[in-house]
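Engineer: Provided below for reference: sequence and predicted model.
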Amino acid sequence: MTAAENVCYTLINVPMDSEPPSEISLKNDLEKGDVKSKTEALKKVIIMILNGEKLPGLLMTIIRFVLPLQDHTIKKLLLVFWEIVPKTTPDGRLLHEMILVCDAYRKDLQHPNEFIRGSTLRFLCKLKEAELLEPLMPAIRACLEHRHSYVRRNAVLAIYTIYRNFEHLIPDAPELIHDFLVNEKDASCKRNAFMMLIHADQDRALDYLSTCIDQVQTFGDILQLVIVELIYKVCHANPSERARFIRCIYNLLQSSSPAVKYEAAGTLVTLSSAPTAIKAAAQCYIDLIIKESDNNVKLIVLDRLIELKEHPAHERVLQDLVMDILRVLSTPDLEVRKKTLQLALDLVSSRNVEELVIVLKKEVIKTNNVTEHEDTDKYRQLLVRTLHSCSVRFPDMAANVIPVLMEFLSDNNEAAAADVLEFVREAIQRFDNLRMLIVEKMLEVFHAIKSVKIYRGALWILGEYCSTKEDIQSVMTEVRRSLGEIPIVESEIKKEAGELKPEEEITVGPVQKLVTEMGTYATQSALSSSRPAKKEEERPPLRGFLLDGDFFVAASLATTLTKIALRYVALVQEKKKQNSFVAEAMLLMATILHLGKSSLPKKPITDDDVDRISLCLKVLSECSPLMNDIFNKECRQSLSHMLSAKLEEEKLSQKKESEKRNVTVQPDDPISFMQLTAKNEMNCKEDQFQLSLLAAMGNTQRKEAADPLASKLNKVTQLTGFSDPVYAEAYVHVNQYDIVLDVLVVNQTSDTLQNCTLELATLGDLKLVEKPSPLTLAPHDFANIKANVKVASTENGIIFGNIVYDVSGAASDRNCVVLSDIHIDIMDYIQPATCTDAEFRQMWAEFEWENKVTVNTNIVDLNDYLQHILKSTNMKCLTPEKALSGYCGFMAANLYARSIFGEDALANVSIEKPIQQGPEAPVTGHIRIRAKSQGMALSLGDKINLSQKKTSI
């Protein structure tokens, strides 16, 4: 093990700007200076020794002039000095001077000040020389009986480390500590002593725990945590002990400490799969989520609940706790609410769906009354989608949900209203029995719709599903009301000229029924006086849209009027009524066409909209059976096909999920007996404490590691050439937000290299956490230097730098070796993700950075090229597989991914196969990438450019 890899106990910040002092000046300060100058000199000595300097001449000076001082700062610095100073001769024998040091520390262990005693005991934990520790053993034992807990707990730590390293110095340590534990009252001392017994003599620890197992709840939380760890380890190693300790774990679920509750619940789940145990643990997790204020804690504990749900046997237990899980919705954080709703939706069953819908309806009504929070609109959207999913899975619930949701069609938030509209469209198509209810509610809220997009959708639904004479007439009445006085052009010109006085106008409309919060009806007068306010506010909604120049809604209206007119003609036998209704519909279309051609709207009508309205006029004038079929049957069939394809895809994805979760055992699968299984084969029985420790250290073993090609060697980057005086190579370890560079530096010369420093700099959103400290390399010696880099966003980062060093004895300037650049791959931070079409379109419109990549590949098949791009960019294809199936000369697909920093990346692949160039012609086209940040868009473009040239395998 190299010096740079030795276990480090004390971190020292080293200012690098000062010139290293000479040994003579340091000696002078240590001998003759005051306490302040001795302190500074001692600090400089420590830094120089850490940098590899050997200062044997100062050892005796420090023993004679610094060691006797009673100043606390100097005593603390001396502990660091004795930790790092070489204590042996080159042949491995202890230096004679150390006997004096040993005597000084024996006196410090008997010092009346508890801080000096305690810090000295901590220092002894770091000593690795048995000859130095042997004379101090009686004094260390005596410290176990000191009046102050700081001394006692450090004495326990000292005994534990000495017992672990040199058992012969204190062979009776477990017995000594067990007796100490029985009589000890301080929580921190008991915790340290118990921890030692766990690692040194587990049987004694279990004996102690057996004597006080009923009092565990009264212990401090630090001791309770250690007890949980012991029980887990014992039961993990010896499952027959479970029955003995499971009651203790149940009791610890009631602990006052959230940390103890969390660990106890996690341990209980691993020790027992009984429904009562799972229920108790899940209940504990839910209480933690509700009571803890930190959102990060809530998300972590929610993840544990989601993990529990993944186990098929546990899912049934959690289904009974859905109502408890929904209590988490009281948290204002959107991410927590999102995960909670998703979990509740996964667990919902026919037994609890009714209760779930009641809670969600209450939450929706709450969001209607709260507007100040910025996430309210997004939360409402989440609730609408959850209710949508519930109604699709459990059709009986749709009748309860629809009336509540229809109120939101008039909402100011277009996104939530669009989700409601999508739900209503699906419900009216699927559930024939609800059509009357939906049409009635739609007519009630129609006049209040504020968004043109929602208005268009509502018009389509009314035109498609109004089947009775009364409903058709109601739709016409609502349209006339929404359009205002016609002809539009003449009335607007009169209004401008002042012939119509707005303050004298009185309009008569139908009485609107309003429902109060109490559930009673409140009526509103049918007579409403128009005030001389702004003209825009006086206008009915549809008239306002048209005067703003939005004529796409006029095309939608023309289609709706044509559908209801054709249906009215089929329903009513009287020729006069038929002609009257058709004429009214044609008049509305004609007046809209007239308005579009005039100069009144802000934007003139487009040719496409003119063509559509003209076509509808022609259809109504001819009333042919073929057109009747196209307008009234084909439209509905195409919607039906789309919804059934969507449902099929959802069922397929659910089936894949359930197949993943169902553990299938094949007839020839080997049976694993725990007693006969090697430790490295116990896949489902890993030590959770060990795994969490590895994860914290960034040593998590990824699944890909099973592939021999994905070994560490693939991530080694050569930084210098083999002929350079200093050879360097780096292993790049990416661990979420950190990059650890493990750099191997080899001195290839016959000289000693002093102050050998790795100087690094970064480009992009990377930040170097600390400057690596200088090393001294002997001839042909090598060392490992570790450097940490923080990552702030998803960009292709570059790390570059050089190695500088001095040659021992040479008079020349510092030498420098320039290193090759290390490129950090963006793919380590990008993960596939899903979003709805509406969200994709919204983000596509919002994101300002676009990168257009031209397809340049030798792959000849469109589908193969798409799969190759998905594999090399970690993106997910949002376009359904059904839409991509079959073969034609072109393909368009939407891709989406999200980085671990929450950044979104969108891509649209538009590719074609140039048939005229023959079957072997490569794919051509473009990929457009959009992202919020420039770095993300450019980095993804670079990645595609690099990878698309590879051949299809």
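Structural biologist: Done, it's in. These numbers were taken from a predicted model, which means no experiment stands behind them.
Engineer: is A892 in a helix, a strand, or coil?
Structural biologist: Under DSSP: H, G, I helix; E, B strand; the rest coil, the three-state class of A892 is strand.
Engineer: and the pLDDT for K603?
Structural biologist: At K603, the pLDDT value in this model is 84.
Engineer: who's in contact with it?
Structural biologist: Residues near K603 by CB atoms under 8 Å, 6 or more residues apart in numbering: 548-551. C-beta: built from backbone N, CA, C; applies to glycine.
Engineer: same question for T161.
Structural biologist: 124-125.
Engineer: what does it show for phi and psi?
Structural biologist: phi -70, psi -40 (degrees, to the nearest 10).
Engineer: coming back round to it: ok, so of the contacts of K603, who is nearest I915?
Structural biologist: I915 has its nearest neighbour among the contacts of K603 in F551, at 38.7 Å by CB to CB.
Engineer: hmm, the closest one is touching I605, no?
Structural biologist: Yes. In this structure F551 lies within contact range of I605 using CB atoms under 8 Å: 4.3 Å.
Engineer: ok, back up a step: return the subset of the contacts of K603 lying in helices.
Structural biologist: Judged by DSSP state H, helices contain none of the contacts of K603.
Engineer: by neighbours, which of those residues wins?
Structural biologist: In terms of neighbours by other CB atoms under 10 Å, those top out with F551 at 25 neighbours.
Engineer: for stretch 149-157, buried residues please.
Structural biologist: 149-157 (16 or more other CB atoms under 10 Å).
Engineer: which residues are contacting it?
Structural biologist: The contact list for stretch 149-157 (CB under 8 Å, 6+ apart) reads 114-115, 117-119, 121-122, 125, 140, 143-146, 177, 180, 184, 186, 188-189, 192-193, 196.
Engineer: and the residues you listed, which are buried?
Structural biologist: 114, 117-119, 121-122, 125, 140, 143-144, 146, 177, 180, 184, 188-189, 192-193, 196.
Engineer: tell me the two of the contacts of K603 that are most distant?
Structural biologist: Counting by CB to CB, the most remote pair of these is D548 and F551, 9.7 Å apart.
Engineer: now for those two: what residues contact both?
Structural biologist: 601, 603.
Engineer: and the residue lying closest to I278 once chain neighbours are set aside, how many neighbours?
Structural biologist: The shortest distance from I278 to any non-neighbouring residue, by CB to CB, 6 or more residues apart in numbering, is to V317 (4.5 Å). Using other CB under 10 Å, the number of residues around V317 comes to 22.
Engineer: surely V317 and A281 touch.
Structural biologist: No. The criterion here is CB under 8 Å, and V317 misses it with A281 at 9.5 Å.
Engineer: mind giving me the domain split of the protein?
Structural biologist: Using the TED database, the domain parsing of the chain gives 348-446, 450-494+540-637, 714-824, 828-947.
Engineer: the third one: end-to-end distance?
Structural biologist: Meaning domain 714-824. End-to-end distance for domain 714-824: 14 Å, by CA to CA, to the nearest Å.
Engineer: from the chain's centre, how far out does that domain sit?
Structural biologist: Offset of domain 714-824 from its chain centre (CA atoms, centre = their mean, to the nearest Å): 32 Å.
Engineer: now do it, average pLDDT.
Structural biologist: What domain 714-824 shows for mean pLDDT is 84.
Engineer: just to revisit the earlier point, which of the buried ones among the contacts of stretch 149-157 fall in helices?
Structural biologist: Using DSSP H, these in helices are 114, 117-119, 121-122, 140, 143, 177, 180, 188-189, 192-193, 196.
Engineer: of those residues, just say which sits nearest to D837.
Structural biologist: Of these, the one sitting nearest to D837 (CB to CB) turns out to be S188, at 58.0 Å.
Engineer: you'd agree the closest one is up against I222?
Structural biologist: Yes. Counting by CB under 8 Å, S188 touches I222, with 6.6 Å between them.
Engineer: quick one: the residue lying closest to F245 once chain neighbours are set aside and P171, what's the gap?
Structural biologist: Once flanking residues are discounted, F245 sits nearest to I231: 4.5 Å by CB to CB, 6+ apart. Taking CB to CB, to the nearest Å as the measure, I231 falls 28 Å from P171.
Engineer: again with Y829
Structural biologist: Y829 is 53 Å from P171, by CB to CB.
Engineer: how about K563?
Structural biologist: 96 Å.
Engineer: those two: which is more packed in?
Structural biologist: K563 (25 against 10).
Engineer: where exactly do the strands run in the stretch 501-650 of the chain?
Structural biologist: With strands called from DSSP state E, counting those that start in this stretch, the stretch 501-650 of the chain shows them at 506-508, 513-515, 521-523, 527-529.
Engineer: can you show me the strands along the stretch 851-953 of the chain?
Structural biologist: Assigned by DSSP E, counting those that start in this stretch, the strands in the stretch 851-953 of the chain fall at 876-877, 890-899, 904-912, 924-931.
Engineer: helices or strands up against the second one?
Structural biologist: Spelled out, that is strand 890-899. strand 830-832, helix 862-873, strand 876-877, strand 904-912 (3 or more CB pairs under 8 Å, 6 or more residues apart in numbering; DSSP states H and E).
Engineer: rerun that using 10 Å as the cut-off
Structural biologist: In terms of contact count using 3 or more CB pairs under 10 Å, 6 or more residues apart in numbering; DSSP states H and E, strand 890-899 is assigned the packing partners strand 830-832, helix 837-846, helix 862-873, strand 876-877, helix 881-884, strand 904-912, strand 924-931, helix 934-947.
Engineer: could I get the buried residue list for it?
Structural biologist: 891, 893-899.
Engineer: closest one to C235 among the domains of the chain?
Structural biologist: It's domain 714-824; of these, that one is closest to C235 (CB to CB) at 30.6 Å.
Engineer: any chance of the contacts of K603 in a markdown table, plus pLDDT and distance to F800?
Structural biologist: Compiled in a markdown table, those are given as follows (pLDDT from 0 to 100; distance: CB to CB, whole Å):
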| residue | pLDDT | distance to F800 |
| --- | --- | --- |
| D548 | 84 | 55 |
| G549 | 82 | 55 |
| D550 | 81 | 54 |
| F551 | 83 | 58 |
